[in-house]
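Trainee: Show me how the following folds:
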Amino acid sequence: MTHDHVDAPARTASRPFGRVLTAMVTPFTPDGALDLDGAARLADHLVVAQGNDALVVNGTTGESPTTTDAEKERLIRVVAEAVGDRARVVAGVGTNDTRQTIELAASAEKAGAHGLLVVTPYYNKPPQAGLLRHFTAVADATGLPVMLYDIPHRAGVPIETETLVQLAEHGRIVAVKDAKGDLTATSWVTSRTDLAYYSGEDALTLPALAVGCVGVVGTSTHFVGAETKRMIEAYDAGDGPTALSLHRRLLPLFTGIFRTQGTILVKAGLAAQGLPAGPVRPPLVDITDGQLAQLRADCAAAGLALPE
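Mentor: Predicted structure coming up:
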């Protein structure tokens with residue numbers, strides 16, 4: 001007995017922001033002021049040494065809840081100037097207020113951003129109709145391509161599959177940072193749209209590629225960006241064993257960087273490497289000795305020696 005089988009057409013999304021993006025921390029001076037020189041040097045390091053195709057500035061990892069609108073604009077200008085045409089700069093502009101998000105988007109465009117990252121409005125938990133209106137209004141407000149940020153465990157609400165399919169019809173909504181942790185939902189969206197899906201969870205990057213994702217917006221990529229890119233390139237080339245080997249080697253840091261709030265650990269790791277970082281702003285707190293020891297152990301397990 002035979003069965004006729006018709007393959008579904010494969011959808012191949014473009015990579016509007018490359019393969020590897022890092023959600024960059026925002027360096028501060030010892031007294032907590034914005035360190036613009038440090039931001040420029042860190043951005044250069046992430047592009048040159050860590051192979052990043054794009055940098056996300058003013059995201060949560062960049063402590064956007066505690067930076068002013070003026071600081072956000074200055075940071076975009078400095079990072080965009082530092083990377084030049086070597087990488088793209090994606091500005092985090094999402095808030096839980098549509099009007100404020102539009103204002104930040106316009107400011108980011110004027111400051112030289114190449115794209116916008118717009119997180120699901122948080123805390124006020126809008127219904128899906130509200131999300132549709134919010135994201136559409138922001139996308140209408142500038143000429144920049146938009147990456148939606150779907151992170152229900154922080155925002156309180158997911159962007160549902162049908163909402164994402166509708167949003168994909170907008171010409172400037174081109175990508176999703178996917179931190180939903182639901183690869184079935186991801187599979188449905190990537191099969192029904194041309195949205196470029198980027199894993200928003202470092203450890204899920206490889207499995208996410210298998211269901212249509214094109215890259216990662218990472219945190220551990222401050223330290224293992226180049227190796228993460230190699231993993232993605234190996235998968236793209238059909239070399240599954242190499243991709244899996246790299247995934248397993250990097251897994252201790254993919255997960256370890258989130259043992260506590262990621263910004264805290266990244267800044268400590270960068271400082272240990274002599275790179276710009278500085279303190280965190282309250283309500284975050286700087287790393288403890290025990291957390292730093294664990295970070296060193298996680299880095300070592302991933303093949304990275306963190307200087308003492």
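Trainee: Doesn't residue 285 belong to a helix?
Mentor: No: with DSSP: H, G, I helix; E, B strand; the rest coil as the criterion, residue 285 is located in coil rather than a helix.
Trainee: List the buried residues for stretch 166-175?
Mentor: Within stretch 166-175, the residues that count as buried by 16 or more other Cβ atoms under 10 Å are 166-168, 172-175. (Each C-beta comes from the backbone N, C-alpha and C, glycine too.)
Trainee: likewise stretch 221-235?
Mentor: Residues of stretch 221-235 classed as buried under the neighbour-count rule (16+ other Cβ under 10 Å) are 221-225, 227-235.
Trainee: pretty sure residue 269 is touching residue 221, no?
Mentor: No: counting by Cβ atoms under 8 Å, residue 269 stays clear of residue 221, with 11.8 Å between them.
Trainee: now stretch 204-214, how far from the chain's geometric center?
Mentor: Computed by Cα atoms, centre = their mean, to the nearest Å, the separation of stretch 204-214 from the middle of its chain amounts to 14 Å.
Trainee: what is the rounded mean pLDDT of that stretch?
Mentor: For stretch 204-214, mean pLDDT rounds to 98.
Trainee: Quick one: end-to-end length of that stretch, please.
Mentor: 12 Å (Cα to Cα, to the nearest Å).
Trainee: which residues sit against it?
Mentor: Counting by Cβ atoms under 8 Å, 6 or more residues apart in numbering, stretch 204-214 makes contact with 11, 13-15, 19, 178, 181, 183, 186-187, 190-191, 196-199, 215-216, 218, 228, 231-232, 235-236, 243-244, 247, 254, all of which sit outside it.
Trainee: Turn the buried residues of stretch 221-235 into TSV, including pLDDT and secondary structure.
Mentor: Written out in TSV, the entries for the buried residues of stretch 221-235 read as follows (pLDDT from 0 to 100; DSSP: H, G, I helix; E, B strand; the rest coil):
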residue	pLDDT	secondary structure
221	98	helix
222	98	helix
223	98	helix
224	98	helix
225	98	helix
227	98	helix
228	98	helix
229	98	helix
230	98	helix
231	98	helix
232	98	helix
233	98	helix
234	98	helix
235	98	helix
